[in-house]
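Build me a structure from this.
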Amino acid sequence: MQLEINIIDAFTDTLFKGNSAAVIVTDTWLDDILMQSIASENNLSETTFIVADDKGVYHIRWFTPFTEIAFCGHGTLASAFVLFKKNPMLASIKFSAKVVGILTVVKTNSGKMQMDFPNRMPEKVDEIPDSLLAGLSIVPVEVYRNEKAYFVVYDSESDVLNISLDNEKLKELLPLNVVVTCQAESDTYYKYDFISRYFWLNNGGGEDPVTGSVHTGLAPLWAKRLAKNELVAYQASSRGGVLDCTVAGDRVLISGNAVPYLTGFITVEE
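As a prediction, the model looks like this:
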């Protein structure tokens, strides 16, 4: 059996930037063990599998090299890019995921793709966990949390860019991961409202290049702090990525570009 695979760099318009995701579209679901084996072999942040139903809804699942996860923004963006390219007449795509429900992606006039996600506004933490304080080289100004991560707020870009971690201490916080963030103010980041870095200790063990799902918490957090609902974010990993965010009530709209890297075929035994 041959499976077409597309590898897409998401949240960027430049090859070798953003976050890479593999996309595999099949008529029916593959065996779970096979999907996990393919994701492990790919060794990308996520490998996304898609199956369309007879109503035109695309059911979507995301796998890291280690496990299946409930929600992935850049994998969704990469998947939309592949489907729009295969079906140029499509103006919008409906994905269905078990945990987050229906996710709609539309083409925008700017050429970017806009994803409609649930708002996952984090709440302020009054008592910061000792493991979090011990795991960060710089003391936070404030800390928030939602069901995905601790959101560590700093005053300066240098704190976010130069932070070092004690992973063993931070693993005591699992299943929550850690995102560090600050308002963008310097000439380097003048185009953006805020910057961030995301460390996913449970499903990858390192820094994620660009993370759409965590911006469903970051965008409403900064929308409240900056008193504006439309924001441009930069995830300041070594690859870097740009996310346009709009906070609209209980939804967060996240837009981005994507570029193709590779199209090929996987051969597996039936």
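
From now on I want contacts and neighbour counts done on CA atoms only, so please keep to that.
Will do.

in this protein, what spans have low per-residue confidence?
Residues of the chain meeting the criterion pLDDT under 70: 202-205.

so which helix or strand takes in Ala22?
strand 19-26 (DSSP states H and E).

Please save the CA atoms from the helix or strand that that strand is followed by in PDB.
The first helix or strand that comes after strand 19-26 along the chain, using DSSP H and E, is helix 32-42. Extracted C-alpha coordinates of helix 32-42, given in PDB (Å, rounded to 0.1, in the frame of the first residue of the first chain):
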ATOM      1  CA  ASP A  32      -3.700   3.300  15.200                       C
ATOM      2  CA  ILE A  33      -0.400   1.500  15.600                       C
ATOM      3  CA  LEU A  34       0.400   2.100  12.000                       C
ATOM      4  CA  MET A  35      -0.400   5.800  12.300                       C
ATOM      5  CA  GLN A  36       1.800   6.100  15.400                       C
ATOM      6  CA  SER A  37       4.600   4.200  13.600                       C
ATOM      7  CA  ILE A  38       4.500   6.600  10.600                       C
ATOM      8  CA  ALA A  39       4.600   9.600  13.000                       C
ATOM      9  CA  SER A  40       7.500   8.200  14.800                       C
ATOM     10  CA  GLU A  41       9.300   7.500  11.600                       C
ATOM     11  CA  ASN A  42       8.600  11.100  10.300                       C
END
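
ok, now which ones touch Asn177?
Neighbouring residues of Asn177 by CA atoms under 8 Å, 6 or more residues apart in numbering: Lys148, Ala149, Tyr150, Leu170, Tyr198, Phe199, Trp200, Leu201, Asn202.

Relative to Tyr144, how far out is it?
Taking CA to CA, to the nearest Å as the measure, Asn177 falls 12 Å from Tyr144.

Spit out the residues that contact these two alike.
Overlap of the contact sets of Asn177 and Tyr144 (by CA under 8 Å, 6+ apart) consists of Tyr150.
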